[in-house]
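In: predicted model follows, preceded by the sequence.
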Amino acid sequence: MKSLVWLSVLITGFSASSAQDNRCFLEKGGSSEIFFVGEDIEVGSVIGTLEILGEIEKKSGISLRLSPQDVEIPVEIKSGTKDLILRRSLDKEGLKGPSSVSISVICDKLDSSDPGLVIPVNIRVTDVNDNYPEFVNEPYTVSTSEAAPVGSMIFNEIRAVDADQPGPFSTVEYSLAQGEFSDFFEFKNSLDGSLFLRKPLDYETFREMVLVIIARDQGNPPLESRTSLHVSVLDADDRNPAFTAPTYYAFMQDDAREGKILDVGPKKIEAFDQDLGIRAPLRYSIQNDEGLDRYFGINSTTKDIYIMHQIPEFEFVKPTTFVIKAMQIDNPDRYALAPLTISRGPNFNAPVQFTQRSHSVSVPENTSKNTTLLVLTTNRPGDRRVKFNVEDGSTDLFYINANAEVILVGELDFEEQEEYQLTAKATDGLSFDTCDITVKVLNVNDWDPMFGFGAYDFYVTREEMTLKNISLGRIEVYDKDVPDEITLDLRGSDVRFFEISQDGDIFVKDPSIVNVTTANLVITAKDNGIPSRQASVPVTVYFPPELIVRSQLAGFGDDLLLPIILGSILVGFMFLVAGLVAYICHNRRKTKRASSVTPLVTQFERTPSEKARTQILYAYPQRVTEANKSSIYLERCQNPMAKYAAVAKSSNSGSIPSSSSENKTSLEEMQDSKSIKSLELTTSGLLPGQTQFHEWLGTVKRMKPVDSIANQDRERWQHCSSSFYGEVEKDKELDGSVNVQQTAQVKRTPSQSAVSRLAVLY
């Protein structure tokens, strides 16, 4: 009993000692731990929990500590836990902290003398969209000419970089913030910082432009940065000079002499280059079609009109019009013209008269208020006693000031009124005069074409699908700019099914070719104004689904007709090739079989009278096996003797005629011989016809009249019998196929000359 107790104690102790201590091993196996954390994790957060077997700081537990070599690491193990705590910031880009951390955690087994187990721990930092795009070499400035064509590249040095890892967080797109000048420029490729001109520039309108550039990454949400681009517009010589007044007048005193300077109104003659950034110098000249310009000259520096020669009294009885030309010195193609009316000095006691009874002026409808349209002249210029006013016409739109200038004080609209007839009156209180003024309003294309509805939907019925040129309806469109003409155009992926007239009627060309149930179109209306304007409207057309499916099937069959024909031809050609290949292979196999078999010929020498009587018997090769070996042996080795049986059998049946009665008698005796019953040969496995040979073979062997011949055949027979089995063993190495070849020649006596036979065995 005590021995059993001690045995149990020993077994228990052995089992306890043999149990594996798995403390400090990883729960999921392996030899290291890996943690993935985003770079935006906050300091003090738990990076992860070590999956190590064993309880922390308990009896028979474990304790964890970092390797003494890991001093500057940004993590620590939280006391009493398996948690890793972040002490410093992490950064995937390595700018604000490490991009990855590798530490060694030492696991000690309590109550054990085993050394601590070192567990490698890798902390991998994943990228977070935490970096804003930063512009390089900002802010930007660029100068460009006002003559730069639309679509040309203005600036290509805009560039922003994102410190995030390559990917969507670091991919930057560029755009313009909405502003006063944002419509003038554009980024054709948002990923490229090249800025292109979208609208023409004008130095005289805007000389400096400030754009706000936005660089935005592809994060969610995206981060963006902004910078400015200062655009300086350079003036180009794209404008003609202009005079400070539309017309001028001058008076000549009665005592006018050479060198006298004329008084000019309403102001001194002066022109300027409208290219304000260039301010090209001008050269002035005076011209007259009647040659009267020879009396006057103009000083290009002071712009004064002076008398060059003495003027006869009969000249300039009436006011005479001259043309003042101001031309750029550096570019003769740039010049300005202004009329100058010269008359004799005013007689302030004479009645007031207009020097011109009618005037006509054309004004664009978008002309701004307080614009001078025309300057009237009288025979008493400069006389402040003369007053002007609009006597008849639109007094609320036009006004004549003391300088006889006709000024626009209202807004014009070509669509409301195209022309105004005014009557101007001049009076000094004692006398007055009138003149006619025609103001023609020029149309400006300031209205887009407008549709009756914001969208159009049309439905095609089942009955309409059988018609041609189905009329869906009319698109209503009009333009407030009179008399602009509108051109309609169809666009869209399904436009091939439709057409539209210029009256707005939309048609389906041929319903049978429609293969969609819903067609989406866009109708564009474009006017012929300057500049041209256009507008668009979406159109949706719905077709019956069941008819469209039928049409699709029909179209599908038409589309596949040619492939089906070609496929049929290809299949027929493949069958033809396959047949030719099969035929060639069959002939090759037959030729190979014929070439591998040599016929066995047993030929008997005959007299010349017997050579014409020959018969060939074919026997086909058989595979030699243990089962038919004896039959093949008999067939192969006894066929040489079969001629005797053939002679006898043929004589008995009468199929082979005999040449002599002696031969016939010997055959009959041979047929009656009882020795035929002693035939010991078997005919198993022989072909039809060969059996007859072997039935008579025994008799032939005992025929005394032909003993000499039989003896020769017996020798051949014995030789064949002895060599047959040796050949069979050899033929087994060639997959058991036996081709028998044997030739025997037998000399015959004249008595057997009539009955000879040739046996061939393949």
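Out: Noted; the coordinates are in hand. Residues are numbered from 1 along each chain as shown.

In: check the secondary structure at the residue nearest to Met308 when sequence neighbours are not counted for me.
Out: Using CB to CB, 6 or more residues apart in numbering and skipping the chain neighbours, the partner closest in space to Met308 is Gly297 (4.7 Å). Any C-beta I mention is one placed from the backbone N, CA and C, and that applies to glycine too. Here Gly297 is recorded as strand under DSSP: H, G, I helix; E, B strand; the rest coil.

In: okay, and the beta partners of Gly297?
Out: Tyr306 (DSSP bridges).

In: what sits against it?
Out: 286, 305-306, 308 (CB atoms under 8 Å, 6 or more residues apart in numbering).

In: just the buried ones from the residues you listed?
Out: Neighbour counting by 16 or more other CB atoms under 10 Å classes 286, 305 among the contacts of Gly297 as buried.

In: closest one of the contacts of Gly297 to Lys480?
Out: Ile286 (46.0 Å; CB to CB).

In: what are the buried residues along stretch 417-427?
Out: 418, 420, 422, 424-427.

In: hang on, I meant stretch 158-168
Out: 158-160, 162-165.

In: rewinding a little: next step: the buried residues of stretch 417-427 restricted to strands.
Out: 420, 422, 424-427 (DSSP state E).

In: so how far is stretch 23-35 from its chain's centroid?
Out: Mean-position distance between stretch 23-35 and its chain equals 50 Å (CA atoms, centre = their mean, to the nearest Å).

In: list the contacts of Leu191.
Out: 171-174.

In: please verify my assumption that Tyr399 contacts Gly393.
Out: No: the pair Tyr399 / Gly393 is not scored as a contact, 11.1 Å apart, by CB atoms under 8 Å.

In: Pro531: which of the buried residues of stretch 158-168 is nearest?
Out: Nearest to Pro531 among these, with distances taken as CB to CB, is Ile158, at 30.3 Å.

In: wait, Val118 sits on Ile106?
Out: Yes: counting by CB under 8 Å, Ile106 is a contact partner of Val118 at 5.6 Å.

In: got any residues that touch both of those two?
Out: Going by CB under 8 Å, 6+ apart, residues that sit against Val118 and also against Ile106 are Ser67.

In: circling back: got JSON lines for the contacts of Gly297, with distance to Gly94 and pLDDT too?
Out: Shown next, in JSON lines, are the contacts of Gly297 (distance: CB to CB, whole Å; pLDDT from 0 to 100):
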{"residue": "Ile286", "distance to Gly94": "80", "pLDDT": "89"}
{"residue": "Ile305", "distance to Gly94": "81", "pLDDT": "88"}
{"residue": "Tyr306", "distance to Gly94": "84", "pLDDT": "88"}
{"residue": "Met308", "distance to Gly94": "87", "pLDDT": "85"}
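
In: can I get the contacts of Gly297 in TSV with distance to Asn366?
Out: Listed next are the contacts of Gly297 as TSV, based on distance: CB to CB, whole Å:
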residue	distance to Asn366
Ile286	34
Ile305	35
Tyr306	41
Met308	44
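
In: and His586, how close does it get to Ile261?
Out: As judged by CB to CB, to the nearest Å, His586 and Ile261 stand 126 Å apart.

In: so Ser285 is in which element?
Out: Using DSSP states H and E, Ser285 sits within strand 282-287.

In: please name every helix or strand in contact with that strand.
Out: Applying 3 or more CB pairs under 8 Å, 6 or more residues apart in numbering; DSSP states H and E, one finds that strand 282-287 contacts strand 271-273, strand 296-298, strand 320-328.

In: now mean pLDDT too, for those, in CSV please.
Out: Conversion of the helices and strands packed on strand 282-287 to CSV gives the following (pLDDT from 0 to 100):
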stretch, mean pLDDT
strand 271-273, 89
strand 296-298, 88
strand 320-328, 90
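
In: turn the ones you listed into JSON lines, including distance to Ser67.
Out: Output for these, formatted as JSON lines (distance: least, CB to CB, whole Å):
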{"stretch": "strand 271-273", "distance to Ser67": "83"}
{"stretch": "strand 296-298", "distance to Ser67": "100"}
{"stretch": "strand 320-328", "distance to Ser67": "86"}
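
In: right, and the ones you listed - which one's nearest Glu57?
Out: strand 271-273 (93.2 Å).

In: how far off centre is that closest one?
Out: On CA atoms, centre = their mean, the centre of strand 271-273 falls 56 Å from the chain's centre.

In: can you point out the buried residues in it?
Out: For strand 271-273, by 16+ other CB under 10 Å, it's 271, 273.
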